[in-house]
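[1] Model the following, please.
(one chain, ligands or ions: 2)
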Amino acid sequence: MHLVIDMTNIKIAPSILAADFTRLGEEIGRALDGGADYIHVDVMDGLFVPNISIGVPVVQSIRRAFPQAFLDVHLMIQEPVRYVEAFSRAGASLLTFHVESDSPQGIAAALQAARERGVKTGLAVKPATAVSELDPWLEGLDLALVMTVEPGFGGQRFMADQMKKVSALRRRLDSMGLACELEVDGGIDPDTAPAALAAGARVLVAGSAIFGRGDYAGLMEKLRGR
Ligand code: DX5
Ligand code: ZN
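    Ligands and ions are numbered 1, 2, ... in the order given. Next up, the predicted model:
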């Protein structure tokens, strides 16, 4: 089968988890100047994942410094509904919750709270979670995220076995005629991005493949397959 991917549809979301936090504004500025579509912000609470990262005040500072940036906030936290208001006020453009992070009632409440505040919504699945767990939620979602590493840390190895889930989700979204974006996160670099794109992902999160390396613009072009 000859696969044609419309490269103008591919979005790159640099994950600031891999940035130098002492120079965060400069790092984000370089990523945006280099063509980043989203800025991916990884929030970890030490409970849902075994690591603690950054939170509301950082999102607020980024929003103040970059009023036009699309802030893709990935909440790896337990019972995320508790923080929807705070992250919305801080300036998140999109809040992604994990389906594993609360009961279905809690997830529904988080989605509703975000929508009421005019914030876009995403749902994520960890590697061990079936992608069909997203099915009841797909209608109305702006983004679905298939993790390609175990959430919690940057710099891990891409899990190619997750591509089955990406393909299945791509088929489902297309058959339902949904515009929901399909994002992958973890271990994405110029070597692994083609598999994710071939499976149907169109938003690529990348941390260690971009930050801390030389030419952000060139690296993002490579991720787009150019
Ligand atoms: C992992 C985070 C990722 C991480 C990706 O829990 O959700 O966004 O920053 O980092 P890399 O691209 O280095 O795998
Ligand atoms: Zn992430």
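[2] Where does the residue lying closest to Leu47 once chain neighbours are set aside sit: helix, strand or coil?
    Sequence neighbours aside, Gln78 is the residue nearest to Leu47 in space, at 4.7 Å (criterion: C-beta to C-beta, 6 or more residues apart in numbering). Where you see a C-beta, it was placed from the backbone N, CA and C, and this is true even at glycine. Following DSSP: H, G, I helix; E, B strand; the rest coil, we place Gln78 in the coil state.
[3] same question, the one 3 residues further on
    For Val81, the assignment made with three-state DSSP gives helix.
[4] Tell me the spacing between the spatially closest residue to it that is not a sequence neighbour and ligand 2.
    Using C-beta to C-beta, 6+ apart and skipping the chain neighbours, the partner closest in space to Val81 is Ala110 (4.0 Å). Distance from Ala110 to ligand 2, counting by C-beta to the ion, to the nearest Å: 17 Å.
[5] swap in Gln60?
    Counting by C-beta to the ion - Gln60 and ligand 2 are separated by 19 Å.
[6] what's the helix or strand where that residue lies packed up against?
    Element membership of Gln60 [criterion: DSSP states H and E] is helix 56-65. When contacts are defined as 3 or more C-beta pairs under 8 Å, 6 or more residues apart in numbering; DSSP states H and E, helix 56-65 sits against helix 24-33, strand 39-44, strand 71-76, helix 84-90.
[7] so does the longest one get close to ligand 1?
    No: against ligand 1, helix 24-33 shows no contacts by C-beta under 6 Å from any ligand atom, the least distance being 12.9 Å.
[8] can you give me the helices for the chain?
    24-33, 56-65, 84-90, 104-116, 163-176, 193-199, 216-223 (DSSP state H).
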